[in-house]
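**Q** Quick check, what structure comes out for this input:
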Amino acid sequence: MRIEETIAKALSLVGHDRYKLVLMTSKRAEQLANGAEPLIKADKNKQKFTDIALLEIAEGKVKLDSILDV
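**A** Predicted coordinates for the structure are as follows:
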């Protein structure tokens, strides 16, 4: 899947709220950088954390309430 398609799919899952998508992507990428395992088949050594995070969001594996520190 091309990155543009991934972003479009992820945006539709967050109600086309770009701010929410950026927040979710950055938080999830931070978790991945700190050692969290990807929720999809991905190689953390070959793909950027933000790309993995976007793919996870686009596939519905990550929700906003599950990544925010409460």
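
**Q** When you work out contacts or count neighbours from here on, use the C-alpha atoms and nothing else.
**A** Will do.

**Q** Give me the contacts around the helix or strand harbouring Tyr19.
**A** Following DSSP states H and E, one finds Tyr19 within helix 18-33. Residues lying outside helix 18-33 but in contact with it, judged by CA atoms under 8 Å, 6 or more residues apart in numbering, are 10-11, 14, 38, 49-50, 52-54, 57, 63-64, 67-68.

**Q** What separation do you get for Ile3 and Gly35?
**A** Computed as CA to CA, to the nearest Å, the Ile3 to Gly35 distance reads 24 Å.

**Q** just how off-centre is stretch 6-20 within its chain?
**A** In terms of CA atoms, centre = their mean, to the nearest Å, the centre of stretch 6-20 is found 10 Å from the chain centre.

**Q** Alpha carbons of that stretch, in CSV - could you do that?
**A** Output in CSV follows, covering the C-alpha atoms of stretch 6-20 (Å, rounded to 0.1, in the frame of the first residue of the first chain):
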residue,chain,number,x,y,z
THR,A,6,-2.3,4.6,4.0
ILE,A,7,-2.8,8.2,5.2
ALA,A,8,-6.2,8.4,3.5
LYS,A,9,-7.4,5.2,5.1
ALA,A,10,-6.0,6.3,8.5
LEU,A,11,-7.7,9.7,8.2
SER,A,12,-11.0,8.1,7.5
LEU,A,13,-10.7,6.0,10.6
VAL,A,14,-10.1,9.1,12.8
GLY,A,15,-13.0,11.1,11.3
HIS,A,16,-10.8,13.1,8.9
ASP,A,17,-9.2,14.9,11.9
ARG,A,18,-5.6,15.6,10.9
TYR,A,19,-4.7,16.7,14.4
LYS,A,20,-5.9,13.5,15.9
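
**Q** Where does the most centrally placed residue in the chain sit: helix, strand or coil?
**A** Nearest to the geometric centre of the chain sits Ala53, at 2.5 Å (CA atoms, centre = their mean). Counting by DSSP: H, G, I helix; E, B strand; the rest coil, the backbone at Ala53 sits in helix.
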